[in-house]
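1. please work out how this folds:
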Amino acid sequence: MISQSFIKHLKELVIYLGEQAEKIKYDKYEVRLKENDSPLTIADKIINEELISFLITKSPHKFIISEENKNIQYEKRRSWDYFWMIDPIDGTKEFIKKGHDYTINIALCHINTPVFGIVYAPASKTLYHAIKGMGAYKNNIKIRCVPHLDSLKIVASSSHLNQETKEFIDNLKEDNNCEIVNIGSSLKICFIADGTAHVYPRFGPTMEWDTCASQVILEEAGGALKTIDNKILVYNKENLLNPFFIATNNFSI
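-> Numbers count the residues shown, from 1 in each chain. Here you go, the predicted model:
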């Protein structure tokens, strides 16, 4: 698949790119809107280009799906065995607001399942990673999901809390003492993996690159990320839009 040496160098690159993103975040830069009206910054562009260049030259697996390079016809990519999934900045809106909870996400998939993932939060210098079958780690310390005891901690998006999510949370409140943890980006899923939270309902649109890296981290920590009809999320679909899902610690609901 990939070697430990490759993973080491990829981590080093991601940390370096995070340092560059932090510098850009506090500088003056232009914000452009993409066709779907989502924002794009020079940081997205630089990180995307650097990661793709590294993967093409250093990785044995050359196929790549990225938020910024997503227009590859399904007929071409449907036969891919291994492929990379990149989100150069997950939480661009938080980045633009000079927030701290944006991340760099990168995952390797086999067929339609993530088998390796890195989620890096540059502002806090927190790096999550996981290899399928080998556990999940936060800054190289192994992590596991935990059951809730006194309080059920529910992760909610800082920017995307809709009515369906509010109703789901209200239902949980009927049987649990609940606490809401607000944060952006794929850190919501990583928070369940490291025991900071227990449940994350997402009844709004996300794309495959938003969840791919954090999914393998959560699964290797003992949790699950499933659709509302209890199916595991899969990747490299014809439509790269995710279905609604619930991420859990596998204890709480």
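
2. quick one: the closest residue to residue 137 other than its chain neighbours and residue 198, what's the gap?
-> The shortest distance from residue 137 to any non-neighbouring residue, by Cβ to Cβ, 6 or more residues apart in numbering, is to residue 129 (5.5 Å). The way it works is simple: take the backbone N, C-alpha and C, and place the C-beta from them, glycine included. Residue 129 sits 22 Å away from residue 198, going by Cβ to Cβ, to the nearest Å.

3. for residue 152, same thing?
-> 6 Å.

4. so which of those two has more stuff around it?
-> A count of neighbours by other Cβ atoms under 10 Å puts residue 198 above the other of residue 152 and residue 198, at 30 against 22.

5. what's near enough to touch that one?
-> For residue 198, the contacting residues are 145, 146, 147, 148, 152, 153, 154, 192, 248, 249, 251, 252, by Cβ atoms under 8 Å, 6 or more residues apart in numbering.

6. so which of those residues belong to strands?
-> Under the assignment DSSP state E, the contacts of residue 198 contribute 152, 153, 154, 248 to strands.

7. of all those, which two lie farthest apart?
-> 153 and 248 (11.5 Å; Cβ to Cβ).

8. average pLDDT for the one helix or strand residue 212 maps to, rounded please.
-> According to DSSP states H and E, residue 212 maps onto helix 208-220. Across helix 208-220, the average pLDDT comes to 98.

9. equivalent analysis for stretch 103-110, please.
-> 98.

10. put the alpha carbons of that stretch into CSV.
-> Extracted in CSV, the C-alpha atoms of stretch 103-110 (Å, rounded to 0.1, in the frame of the first residue of the first chain):
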residue,chain,number,x,y,z
THR,A,103,-8.1,21.2,8.7
ILE,A,104,-6.0,19.7,5.9
ASN,A,105,-7.5,16.3,4.9
ILE,A,106,-5.8,13.5,2.9
ALA,A,107,-6.9,9.9,2.6
LEU,A,108,-6.0,6.8,0.6
CYS,A,109,-8.9,4.6,-0.5
HIS,A,110,-8.9,1.0,-1.8
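
11. distance between that stretch and the chain's centre?
-> What separates the centre of stretch 103-110 from the centre of its chain is 7 Å, taken as Cα atoms, centre = their mean, to the nearest Å.

12. next: stretch 210-222.
-> From the chain centre to the centre of stretch 210-222 is a distance of 8 Å (Cα atoms, centre = their mean).

13. can you show me the strands along the stretch 151-253 of the chain?
-> For the stretch 151-253 of the chain, the strands defined by DSSP state E, counting those that start in this stretch occupy 152-157, 178-183, 199-202, 224-227, 245-248.

14. which positions in stretch 16-33 come out as buried?
-> 17, 18, 21, 22, 24, 25 (16 or more other Cβ atoms under 10 Å).

15. look up which helix or strand the first one falls in, please.
-> Taking DSSP H and E as the criterion, the element that holds residue 17 is helix 4-25.

16. helices or strands up against that helix?
-> The contact analysis (3 or more Cβ pairs under 8 Å, 6 or more residues apart in numbering; DSSP states H and E) places helix 4-25 against helix 42-58, strand 103-110, strand 113-121, strand 126-131.

17. of the ones you listed, flag the one that's most buried.
-> strand 103-110 (a mean of 26; mean count of other Cβ atoms under 10 Å).

18. so that strand versus strand 113-121, what angle?
-> 170 degrees (axes from the mean of the first three to the mean of the last three Cα atoms, to 10 degrees).

19. pairing partners for strand 103-110, with directions?
-> Within its sheet, strand 103-110 is paired with strand 82-90 (antiparallel), strand 113-121 (antiparallel), according to DSSP bridges.

20. coming back round to it: for residue 13, find the nearest of the strands of the stretch 151-253 of the chain.
-> strand 178-183 (24.8 Å).

21. tell me which residues are up against that closest one.
-> Contacts of strand 178-183 (Cβ under 8 Å, 6+ apart): 101, 151-158, 169, 172, 191, 196-197.
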